[in-house]
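> return a 3D structure for these sequence lines:
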Amino acid sequence: MRNSEIKVALLVGGVSSERKVSKATGKSIFTALKNLNYDVMALDPAYGLSQPEDVNLLFGTEDIAPVSSRNYIDIINSTMFDDVDVVFLALHGKWGEDGRIQSLLEMRNLKYTGSGVLSSSLAMNKFMTKIMFQHYDVKTPRWFIVSREGNDRDLIKKKIEKFFGFPCVIKPNDEGSTVGISICREQNALDEAIEKAFDYSENVLIEEFIPGREITVGVLENRALPVLEIIPRSGFYDYESKYTSGKSDYIVPAEIPDNVARHIQSQALLAYNSVGCRQYARIDFRLTADYKSYCLEVNTLPGMTSTSLFPKMANAVGISFEELIDRIVKSALK
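Numbering: from 1, shown residues only. This is a model prediction of the structure:
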């Protein structure tokens, strides 16, 4: 089947805190799909049936209609998807990579890119991901979980001191793009960091801080791509460092010993398979000065602009951005 005969529905935007990032991902993928001659339509599920006639409005910063997760159900159930061959998910965060949109697509018997319902849900839930890491012997920082109802600050402080001490990392249990995350360097900063994380989730992960380098590995169709090192100029790879041009530098392949790179790649594959990923994902690590790696999380729908981390790693082994997008579509169609 020629690409022009394949109808692709590209989903962008959504309702998560990563809506803006999703639009950037979607715009790059849309251009690539057009250049590859696919029959592509772009839709924002958060708009439901109120889609703009001008597709460029989908990628703009201003909303053109009310945004709601309820709208997802209306549009997925609509006739717009009757002749769609595959859905390309350019969504991030909640209602994008947590299994919910995947469930709706499964109920319509639609093929889609990225991981399935269960693996998406597991990877989005950092607590559950950690449990799977433990079971499959993927080395990860020590942690414990705090719920809004069980939010005893004195007990939290005691557990931090008992398990790993300060500094520690405070993060929402089910958010991405470092949204709501803090490095808590002293006890006096703990309350503010926890409240910040609770703004985004009902559960907060409190994690051992691993000093060292930011490392990530892409996995494409069960093959580990070269290790990439992220060097944030601020010293902390936060939201601004991720999405502001010039705020971070990237080295791929990372300048580390070959045996260390191979070990991190094997840990990435183990993490990828521990939550049952498929097609592609990006696995994030911290690497200490003595080359011990600690797996942080699995990103089942990583950023896919032409300058994002995953495409950089693919390009390092000769896979262009358009070829990468084409391979993902073809993989989803199988």
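
> what residues sit buried inside stretch 291-310?
Buried residues in stretch 291-310, counted by 16 or more other C-beta atoms under 10 Å: 293-306, 308-310. C-betas here are computed from N, CA, C, even on glycine.

> looking at the chain, which helix or strand is least sure?
Counting by mean pLDDT, DSSP states H and E, the weakest-scoring helix or strand in the chain turns out to be helix 239-243, with a mean of 48.

> for the helix or strand just after it, packing partners?
Moving toward the C-terminus from helix 239-243, the next helix or strand (DSSP states H and E) is strand 248-251. Using 3 or more C-beta pairs under 8 Å, 6 or more residues apart in numbering; DSSP states H and E, the elements in contact with strand 248-251 are strand 228-232.

> next one: the strand it packs on to chain centre, how far?
Centre-to-centre, strand 228-232 and its host chain are 17 Å apart (C-alpha atoms, centre = their mean, to the nearest Å).

> over to stretch 274-285?
10 Å.

> do stretch 48-56 as well
That offset, for stretch 48-56, works out to 25 Å (C-alpha atoms, centre = their mean).

> need the distance between the two termini of that stretch.
17 Å (C-alpha to C-alpha, to the nearest Å).

> average pLDDT across stretch 31-44?
The average pLDDT for stretch 31-44 rounds to 98.

> export it as CSV, just CAs?
Extracted in CSV, the C-alpha atoms of stretch 31-44 (Å, rounded to 0.1, in the frame of the first residue of the first chain):
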residue,chain,number,x,y,z
THR,A,31,5.0,18.3,8.4
ALA,A,32,6.9,15.0,8.2
LEU,A,33,3.7,13.0,7.4
LYS,A,34,2.8,15.5,4.6
ASN,A,35,6.3,15.2,3.2
LEU,A,36,6.0,11.4,3.3
ASN,A,37,2.8,11.8,1.2
TYR,A,38,0.4,10.3,3.8
ASP,A,39,-3.3,11.2,3.8
VAL,A,40,-3.2,13.0,7.1
MET,A,41,-5.7,15.0,9.2
ALA,A,42,-4.7,16.7,12.4
LEU,A,43,-7.2,16.9,15.3
ASP,A,44,-7.2,18.2,18.9
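
> would you map the helices across the stretch 201-334 of the chain?
Along the stretch 201-334 of the chain, the stretches classed as helices by DSSP state H, counting those that start in this stretch are 239-243, 258-274, 309-315, 321-333.

> reformat the ones you listed as TSV; add distance to Ala90.
Converted to TSV, these look like this (distance: least, C-beta to C-beta, whole Å):
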stretch	distance to Ala90
helix 239-243	15
helix 258-274	20
helix 309-315	12
helix 321-333	10
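
> looking at those helices, which is buried most?
The highest mean neighbour count among the helices of the stretch 201-334 of the chain, using mean count of other C-beta atoms under 10 Å, belongs to helix 309-315: a mean of 23.

> residues touching that one, excluding its own?
By C-beta atoms under 8 Å, 6 or more residues apart in numbering, the surrounding residues in contact with helix 309-315 are 216-218, 220, 225-226, 228, 230, 250, 252, 280, 282, 302-305, 320-321, 323-324.

> now the strands for the stretch 101-250 of the chain?
143-147, 168-172, 182-184, 203-208, 213-220, 223-224, 228-232, 248-251 (DSSP state E, counting those that start in this stretch).

> so which of the helices of the stretch 201-334 of the chain is nearest Ile101?
Checking the helices of the stretch 201-334 of the chain against Ile101 by C-beta to C-beta gives helix 321-333 as the closest, at 14.1 Å.

> how far out from the middle of the chain is the closest one?
Relative to where its chain is centred, helix 321-333 has its mean C-alpha point 18 Å off (C-alpha atoms, centre = their mean).

> got it, and stretch 124-142?
16 Å.
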